[in-house]
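Could you work out the structure for the sequence below:
(2 chains)
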2 protein chains.
Amino acid sequence: MTHLLDGDIAVVTAGVDLLAAAAEAQAADVTRVDWQPPMAGTGPDLVTVLGDPRRREANAEALRQVSGVRAMLVDVLPARDALGLDERSVLHAGPPIAWERASGPLRGALLGAAAFEGVVEDPEDAAALYASGAISLDPCHHHGAVGPMAGVVCASMWMWVIEDPQSGRRTYCSLNEGLGKVLRYGAYSAQVLDRLRWMSAVLGPALQAAVRAHGPIDVTAILAQMVQMGDEAHNRNRAGTLMLLRDLAPALVSSGLPPADLAEVFAFVGGNDHFFLNLAMPACKLALDAARGIPGSTMVVAMCRNGTDFGVQVAGTGDEWFTGPALVPEGLYLGDYGPEDANPDIGDSAITETCGLGGFAMAAAPAIVRFVGGTVGDALANTRRMYEITLGEHPAFAVPVLDFRGTPLGIDVTKVVRTGVLPQINTGMAGKVAGTGQVGAGLVTPPADIFPKALRALAERV
Amino acid sequence: MTHLLDGDIAVVTAGVDLLAAAAEAQAADVTRVDWQPPMAGTGPDLVTVLGDPRRREANAEALRQVSGVRAMLVDVLPARDALGLDERSVLHAGPPIAWERASGPLRGALLGAAAFEGVVEDPEDAAALYASGAISLDPCHHHGAVGPMAGVVCASMWMWVIEDPQSGRRTYCSLNEGLGKVLRYGAYSAQVLDRLRWMSAVLGPALQAAVRAHGPIDVTAILAQMVQMGDEAHNRNRAGTLMLLRDLAPALVSSGLPPADLAEVFAFVGGNDHFFLNLAMPACKLALDAARGIPGSTMVVAMCRNGTDFGVQVAGTGDEWFTGPALVPEGLYLGDYGPEDANPDIGDSAITETCGLGGFAMAAAPAIVRFVGGTVGDALANTRRMYEITLGEHPAFAVPVLDFRGTPLGIDVTKVVRTGVLPQINTGMAGKVAGTGQVGAGLVTPPADIFPKALRALAERV
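This is a model prediction of the structure:
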């Protein structure tokens, strides 16, 4: 005979609440375990992928590769030279998309880019060129580049050049324009284009001269410092921007540029707390690209959005995209803007979360809740929750308030599918009408269904 | 008949552990309340001061005054012009002290200052001049100034000039030399004096030109930002230094200085994460001085050390000093240095703690434990404990990880005496032998006995 029911009953429940509620109604002591079943219909694929004998070592190797990359800023070049673009080839954020499915902010940025390149005089005239394919569209990610928000890159824009000294691999990102009415948020007024022209005429060459005179700058080391200084490198890049300015300042003032140009450069960079984002992003891509094409690895190597679709790529599935509809972020709005003004999630900047920064590092940057919404407790909880779906911790990104624990690194498709916990992204919000610009900032996740798709592709390769 | 002993006994104890231990030995459930009696012999004075009908409003007024000051950087001037010093009048940190009682690092700095001023060629020759009074000594605090570590100020040093625009009051501090072998840590080698000469010849005039061209810079606003960026403004001033550099950069490059000098200035300031300390300190003094001379207020308005004595001044007791022997900090040592190399606590920099920064704001700067020792938990606990002995919270210094609670502000002599909780200071450590320089950084408190002395003086004025 069992004595199970002799003493007080202690019940541990997981999953649906029916049993727990019933036991509690009978005055039993109930402990709920936070568990839910894997995403619907993923059982067989999970069994296949979790049983893949290559998986454990492949993921360990992927993590080693990503952790081992030291991203060095080595040059600043026009996209024409860095990426071989001409004025009829334009890049954009996210997975591939054609003009007819492009959202407002992406269309706005594309129209502005065509005018900036001089292909059209009136930006509106460019719509037909994009629709007909007379100007080609391609994702930044297909060219070793990343772009925040619309992520539009055209030939005359200047690009940061980031290099992995061990492999010689390079990644690229444009220069950050600032907040508000800017091209990457879909604005394309004369003021926006004038700023881009100044950036190409003055800022790019000045930064090129400074970087070349200074020599390579260790972006990974700056990122590590940022995490000690309240930045999470997606929507807080204050300390990073300041450290970049500090590092480049002596070379800038020795560059022979006219003092008036120098003063403008210092004021422009110093006046934009997000300037460093465009260095954080290609540094993250450089690290994650080191894990591309590792057979059997279930680690996500890219998350990005084009304003219509959210796409991920996985180490074990080559360059295949798994996409679903981008969600609309929730957060704080500028001025009179509200939820009805916001475009769905857009930009390559979720590469920061993919690399253990951004939403994954919010515990290191609690002040960010004043920008993206939520409480300080949420910020800490977001980072803690991401450990549930990641393969390890970033060795260089130590969170002081978590006793210097590394940020959660390496999103594991199987863990996302098993737990239903989705990667937490913090992001800027673009107005959904082309030409609007930024309307706010907030929190968002990928659409859940892309992870079962990625899992299926992994299962097919076992 | 009482039923006190019918059920299980629950015991709450406070003070000495005798009762708690005895009750526990009898299997009772004991809760210890963290309480201890007031400091020995302070009972009558506490009764007098706590009963002072002016106290509550006086302290509220003191807190209002301190919170209301906005510290603006308005100029950079040689101490000769700012403070009226000549080459035979030298200032030092802490309460008044004569040469014969001065510790090694203060003596080292004084010897170096005399050589820097050209009063002697060999620094050692200055000892007799200080001993005889041929060179006069006076505390920085008596001249509206503050100085970190030895805090030695002489006529040719350039000073930050901080102003309260409402009252026109000004405070002053020298320019920070960096870490290691520097005058303020008691080093006075040729290299130290050469650096000081460059600072007077190039750095001071460059900063003067930049500040004058830029116009007033809001130091209080920078301090508020720093607390969002992992600085506590005593031993972490990284973000502050970077923000200062950012703010001054456009004016610096437009100043007409030769590019080589400009590059040196940018490299020097950017290479010294502690550069902003010398702005944080006079900003704190400016705020606290607003509460001097409020009859009945028990708030501390200055804490400082000369390397031999620790001194405090209190709002309700005018400019009277209450002093006791400075303690030796505990912390982390540079290179091969150890506890036997450390001088007792030295410097005016505890003005930051007095104003709710430094050790009081460590919860905002958990990464500091890598510099001063201890754990992240200690850093959080230090800030929390300081709320027990302070009158309020700083409205501008919001700690993100404490849900944006203001830092503990306004040390209350009566609370220190009643609780025995001493103000927590984090600090650099100077070598006790003159000429050594910095040997480490750590944590320290004032000697406990100065607070009963201050309380006695408050009681005598009731």
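
Around chain B, which positions in the stretch 151-300 of chain A sit nearby?
The stretch 151-300 of chain A comes close to chain B at residues A:228-231, A:238-239, A:242-243, A:245-247, A:249-254, A:256, A:259-260, A:262-264, A:266-267, A:270, as judged by CB under 8 Å from any CB of the partner chain. In this view, the C-beta of every residue, glycine as well, is placed from N, C-alpha and C.

at 7 Å instead, please
The interface of the stretch 151-300 of chain A toward chain B, taken as CB under 7 Å from any CB of the partner chain, is made up of A:228-230, A:238-239, A:242-243, A:245-246, A:249-250, A:253-254, A:259, A:262-263, A:266-267, A:270.

In space, not sequence, find me the middle residue of chain A.
In chain A, the residue lying closest to the centroid (CA atoms, centre = their mean) is A:Ala350, at 1.7 Å.

per-residue confidence at that residue?
As summarised for this prediction, A:Ala350 has a pLDDT of 98.

Now do the contacts for the closest residue to it other than its chain neighbours.
If you skip the residues right next to it in sequence, A:Ala350 has A:Met303 as its closest partner in space, 4.1 Å away by CB to CB, 6 or more residues apart in numbering or on different chains. With CB atoms under 7 Å, 6 or more residues apart in numbering or on different chains as the criterion, the residues that contact A:Met303 are A:312, A:350-351, A:353-354, A:423, A:446.

Help me confirm that A:Val90 is found in a strand?
Yes. Secondary structure of A:Val90, determined by DSSP: H, G, I helix; E, B strand; the rest coil: located in a strand.

which SSE is the residue nearest to A:Ala350 in?
When secondary structure is defined using DSSP states H and E, the element that contains A:Met303 is strand A:300-306.

buried residues in the helix ranked longest in chain A?
The helix of greatest length in chain A, counted in residues with DSSP state H as the criterion, is given as helix A:238-253. Of the residues in helix A:238-253, those scored as buried under the neighbour-count criterion (16 or more other CB atoms under 10 Å in any protein chain shown) are A:238-253.

just stretch A:110-129 next, same as before
A:110-117, A:119-120, A:123, A:126-127, A:129.

Can I get the helix or strand of chain A with the lowest mean pLDDT in CSV, CA atoms only?
Taking mean pLDDT, DSSP states H and E as the measure, the helix or strand of chain A with the lowest value is strand A:10-14, at a mean of 73. Listed next in CSV are the C-alpha coordinates belonging to strand A:10-14 (Å, rounded to 0.1, in the frame of the first residue of the first chain):
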residue,chain,number,x,y,z
ALA,A,10,2.2,18.8,-2.5
VAL,A,11,1.5,19.1,-6.2
VAL,A,12,3.8,20.3,-8.9
THR,A,13,2.1,21.1,-12.2
ALA,A,14,3.2,22.1,-15.6
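
Outline the domain layout of chain A.
If you go by automatic domain parsing, the domain ranges for chain A are A:1-35, A:44-65+A:292-460, A:68-281.

mean pLDDT for these: which is lowest?
domain A:1-35 (a mean of 74).

distance between that one and the chain's centre?
Once both centres are worked out by CA atoms, centre = their mean, to the nearest Å, domain A:1-35 turns out to sit 42 Å from its chain's centre.

now do stretch A:305-324
13 Å.

again with stretch A:121-141
When C-alpha coordinates are averaged (CA atoms, centre = their mean), stretch A:121-141 and its chain have centres 24 Å apart.

the strands in the stretch 301-450 of chain A, which residues?
The residue ranges that make up the strands of the stretch 301-450 of chain A, judged by DSSP state E, counting those that start in this stretch, are A:309-314, A:322-325, A:330-333, A:346-347, A:390-399, A:405-411, A:425-430, A:438-444.

contacts for the fifth one?
The one in question is strand A:390-399. In this structure, residues lying in contact with strand A:390-399 by CB under 7 Å, 6+ apart are A:59, A:63, A:67, A:220, A:223-224, A:227, A:299, A:356-357, A:361, A:363-364, A:383, A:404-412.

Now with 8 Å, please.
A:59-60, A:62-63, A:67, A:220-221, A:223-224, A:227-228, A:299, A:355-357, A:360-361, A:363-364, A:383, A:387, A:404-412, A:415 (CB atoms under 8 Å, 6 or more residues apart in numbering or on different chains).

rewinding a little: for the buried residues of stretch A:110-129, could you give me CSV that also reports secondary structure?
As requested, the buried residues of stretch A:110-129 are arranged in CSV below (three-state DSSP):
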residue, secondary structure
A:Leu110, helix
A:Leu111, helix
A:Gly112, helix
A:Ala113, helix
A:Ala114, helix
A:Ala115, helix
A:Phe116, helix
A:Glu117, coil
A:Val119, coil
A:Val120, coil
A:Pro123, helix
A:Ala126, helix
A:Ala127, helix
A:Leu129, helix
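
ok, the residues you listed vs chain B, which is closest?
A:Phe116 (26.2 Å; CB to the nearest CB).

what about the longest helix of chain A, distance to the chain center?
Shown here is helix A:238-253, whose average C-alpha point lies 23 Å from the average C-alpha point of the whole chain (CA atoms, centre = their mean).

With stretch A:386-402 instead?
Using CA atoms, centre = their mean, the mean C-alpha position of stretch A:386-402 is found 17 Å from that of the whole chain.

Also stretch A:184-197?
Centroid separation between stretch A:184-197 and its chain, computed with CA atoms, centre = their mean, is 22 Å.

returning to what we had before: buried deepest among the strands of the stretch 301-450 of chain A, which one?
strand A:346-347 (a mean of 34; mean count of other CB atoms under 10 Å in any protein chain shown).

Kind regards, and thank you for your time.
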